[in-house]
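Asker: Turn this into a structure:
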Amino acid sequence: MSDSIRAESRGIRFFALAGLIVAVHLAGLVVLLTTEYGPFAITLSVLAWVFVNCLLLVVLQRPVICAALALALIVILIALSHFKFGILQLTLTFLDFLIIDRDTFSFLLSVFPRLQMQLMMAGLVAVPLLWALWRFDPFRVRRRLALMGVAATTALIAVMSVASPEQAWEPFQGVNHISNLARSGVVAVSRLASTGWIEADPPANGPLSLARDAHAAGLPALPSGEVCEATAKRPHIIMLLDESSFDVTSAPGIKVPAGYADYFKSIDGKQRTMIAESTGGPTWYTEYNVLTGLSARSFGDLKFYITRITAGRVTRGLPQALQRCGYKTVSLYPTYGDFLSARAFQKGIGVDQFIDMAEMGVNEDMQPDQFYYDQALKAFAREQPKQSPVFMFVYLTANHFPWHDVYRPDLTPAGWTPPGNTAEVDEYIRRQAMTANDYREFTERLKRDYPDESFLVLRFGDHQPAISQKLLEPGIDRATLAKRLMATDPRYYSTYYAIDGINYQPRNLSSALETLDAAYIPLVLQEAAGLPLDPSFAEQKSIMLRCKGTFYACKKGAEARRFNRLLIDAGMIKGL
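Answerer: Below you'll find the predicted structure:
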């Protein structure tokens, strides 16, 4: 072959690969322009695209393969963000990678059982293609130039993120996947650098490992607690998470059936309010509150990942306290246990038996309440011969969004008539009527089947439904609503909690205040069951009395920070 032919061949390859680089970058730009909205988001996403390319160039130096890898990465990230939004109503964030764990992959494979094979097939196609690009790429970029690109884009992304901080509602919109991911990285790094994972008072004289060390250093320590006699006769305890439930008459102009409010009343006839730490979701904030007795707000912007962060690191909680008094602890979880590391989190705080959706034999998490009550009765029947008191945490899901469709019309209570609100609100109230009806049947079965056993039941709404945000203040503009939510306006965070007894009269309801933060629910349960408080809950009761039922908000977070420090020093919070 003549030199001219070789030169021509090299020229063709050169321009073909140069055209390929341009095509890949244009494809990346098209992907970003079709998923990002607004000049700010588009600019930030383009900077993120340049950052990824430069970072890959630092390692590989070959622009063709780096552009191809960057495009594949961007497409995968957007697909994952869409998947996450479909389940959690939240787009992908930096923390998804910072705290990635085995449960995350296990949950993905549970939802998409064919994913493993699809990934293997994609790898078989991608690896030879990438090798070919590597082999024939004639271009090289100096590492110094690539490092300058990484530094410049990092600085610009940081400046833009600080100048225009991410608003709390933005990740819940389902758009701007790459720009939100980039901006969340700045938020997460800033948070971790300033306060760490959890807000807590600093130790006075360096790290302290035990409460007695804190006492020796002159710091307040946990008080001593009464010994709990594990062989004493105790009531069985059932805690019911009533999905998205609150007294909808707190919104103006809402029509409800006669006797609607009776469901929210306790055995003493009082109607009580619980202040949740989320509104419209997510449930796991309240799950964390009522199981640990702690505040998700102590984790600031990281709280969305509260159960993943604290799995195996927070051991203090209601199940552990009940184990001390001889209880067997059971949790009936409505979805896969790997979801947000729920199984690992609950096992870490003392749940003996964690039963998830797969173990219940269903493949959908939204089941009628009677299904979960049946599961609870089966679990109790298995535990009851052991002669130990049982604590059971049961999730109810029938009132989960959306409410624009009629869910299981065959379960509508007899005589139900829509009260005359919008179709969405009437459907919400209909499902509440279903819940009340199923709860009544459940308690009747307990009375009939176990006449010699006593039960303490505490039920609560985990958060208000998303529709409450357009009901509580009709006509409110979006900006004002966002301010209300950011300021944790109690109108949007108030649900209910109610205490019932079956063959049992609650021993002590002095802690069951008319309005109470969700973190105090474990305290209320233990006193209603007549159980002596362990040192940590005895200290928390004194906080509750001082703060009149508020926890995190009391003294602008000072009480929660002090309490977190006590638990860290006592070894009940580790590695945070």
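
Asker: Strands of the stretch 51-200 of the chain, start to end?
Answerer: Counting by DSSP state E, counting those that start in this stretch, the stretch 51-200 of the chain yields no residue ranges for strands.

Asker: where does it have low pLDDT?
Answerer: Residue ranges of the stretch 51-200 of the chain with pLDDT under 70: 87-90, 98-139, 166-172.

Asker: Please apply the same query to the stretch 201-350 of the chain.
Answerer: In the predicted model of the stretch 201-350 of the chain, residues 204-227, 230-231 satisfy pLDDT under 70.

Asker: could you pull out the helices for it?
Answerer: With DSSP state H, counting those that start in this stretch as the criterion, the stretch 201-350 of the chain has helices at 211-216, 283-292, 306-310, 318-324, 342-348.

Asker: Of those, give the one that comes closest to Arg143.
Answerer: Closest approach to Arg143 among the helices of the stretch 201-350 of the chain is made by helix 306-310 (35.6 Å; Cβ to Cβ). C-beta here means a position set from N, CA and C on the backbone, and glycine is covered the same way.

Asker: what's in contact with the closest one?
Answerer: 99, 101, 103, 197, 284-285, 287-288, 292, 296, 299, 302, 340-342, 345, 348, 576 (Cβ atoms under 8 Å, 6 or more residues apart in numbering).

Asker: And stretch 343-351, by the same measure?
Answerer: Contacts for stretch 343-351 (Cβ under 8 Å, 6+ apart): 103, 288, 291-292, 307-308, 310-323, 329-331, 333, 337, 354, 356, 393.

Asker: Could you pick out the buried ones from the residues you listed?
Answerer: 103, 288, 291-292, 307-308, 310-311, 314-323, 329-331, 333, 337, 354, 356, 393 (16 or more other Cβ atoms under 10 Å).

Asker: residue ranges for the helices of the stretch 351-500 of the chain, please.
Answerer: Going by DSSP H, counting those that start in this stretch, the stretch 351-500 of the chain shows helices at 357-360, 369-383, 423-449, 478-486, 490-493.

Asker: Can you list the helices and strands that the second one packs against?
Answerer: Going back to what we said before, that points to helix 369-383. If you count contacts as 3 or more Cβ pairs under 8 Å, 6 or more residues apart in numbering; DSSP states H and E, helix 369-383 packs onto strand 328-332, strand 353-355, strand 390-396, helix 423-449.

Asker: Spatially central residue for the protein, please.
Answerer: Trp284 (4.0 Å; Cα atoms, centre = their mean).

Asker: ok, the closest residue to it other than its chain neighbours to Ser184 distance?
Answerer: Distances taken as Cβ to Cβ, 6 or more residues apart in numbering put Thr307 closest to Trp284, at 5.1 Å, once the chain neighbours are dropped. Distance of Thr307 to Ser184, given as Cβ to Cβ, to the nearest Å: 18 Å.

Asker: Adding distance to Leu516, write the helices of the stretch 201-350 of the chain out as CSV.
Answerer: CSV is the format used below for these (distance: least, Cβ to Cβ, whole Å):
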stretch, distance to Leu516
helix 211-216, 26
helix 283-292, 11
helix 306-310, 20
helix 318-324, 15
helix 342-348, 23
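
Asker: these two touch, right, the residue nearest to the centre of the chain and Ala342?
Answerer: Yes. Using Cβ atoms under 8 Å, Trp284 is in contact with Ala342, at 7.3 Å.

Asker: where do the helices sit along the stretch 51-200 of the chain?
Answerer: 63-88, 95-98, 102-111, 115-136, 143-163, 177-195.

Asker: Pull out the buried positions in the last one.
Answerer: Translated: helix 177-195. So helix 177-195, judged by 16+ other Cβ under 10 Å, has buried residues 177-188, 191.

Asker: Using JSON lines, lay out the residues you listed together with distance to Trp49.
Answerer: Shown next, in JSON lines, are the buried residues of helix 177-195 (distance: Cβ to Cβ, whole Å):
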{"residue": "His177", "distance to Trp49": "12"}
{"residue": "Ile178", "distance to Trp49": "8"}
{"residue": "Ser179", "distance to Trp49": "10"}
{"residue": "Asn180", "distance to Trp49": "14"}
{"residue": "Leu181", "distance to Trp49": "12"}
{"residue": "Ala182", "distance to Trp49": "10"}
{"residue": "Arg183", "distance to Trp49": "14"}
{"residue": "Ser184", "distance to Trp49": "17"}
{"residue": "Gly185", "distance to Trp49": "15"}
{"residue": "Val186", "distance to Trp49": "17"}
{"residue": "Val187", "distance to Trp49": "20"}
{"residue": "Ala188", "distance to Trp49": "20"}
{"residue": "Arg191", "distance to Trp49": "25"}
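
Asker: Now for Gln323: which residues touch it?
Answerer: For Gln323, the contact set (Cβ under 8 Å, 6+ apart) comprises Thr329, Gly350, Asp352.

Asker: Adding distance to Arg62, write the residues you listed out as JSON lines.
Answerer: JSON lines is the format used below for these (distance: Cβ to Cβ, whole Å):
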{"residue": "Thr329", "distance to Arg62": "56"}
{"residue": "Gly350", "distance to Arg62": "53"}
{"residue": "Asp352", "distance to Arg62": "55"}
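
Asker: Out of those, the closest to Leu411 would be?
Answerer: Thr329 (30.0 Å).

Asker: what ranges do the strands span in the stretch 201-350 of the chain?
Answerer: Going by DSSP E, counting those that start in this stretch, the stretch 201-350 of the chain shows strands at 236-242, 273-275, 328-332.

Asker: which residues sit against stretch 272-280?
Answerer: Taking Cβ under 8 Å, 6+ apart as the rule, stretch 272-280 contacts 266, 285-286, 289, 295-297, 303, 460-466, 468-469, 485, 488, 490, 492-498, 512-518, 521, 550, 552.

Asker: Only the C-alpha atoms, please, for stretch 24-31, written as PDB.
Answerer: Coordinates of each C-alpha in stretch 24-31 appear next as PDB, following Å, rounded to 0.1, in the frame of the first residue of the first chain:
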ATOM      1  CA  VAL A  24     -21.600  12.100  20.900                       C
ATOM      2  CA  HIS A  25     -21.300  15.600  22.500                       C
ATOM      3  CA  LEU A  26     -24.300  16.700  20.500                       C
ATOM      4  CA  ALA A  27     -26.200  13.600  21.600                       C
ATOM      5  CA  GLY A  28     -25.300  14.500  25.200                       C
ATOM      6  CA  LEU A  29     -26.600  18.100  24.700                       C
ATOM      7  CA  VAL A  30     -29.800  16.800  23.200                       C
ATOM      8  CA  VAL A  31     -30.400  14.500  26.200                       C
END
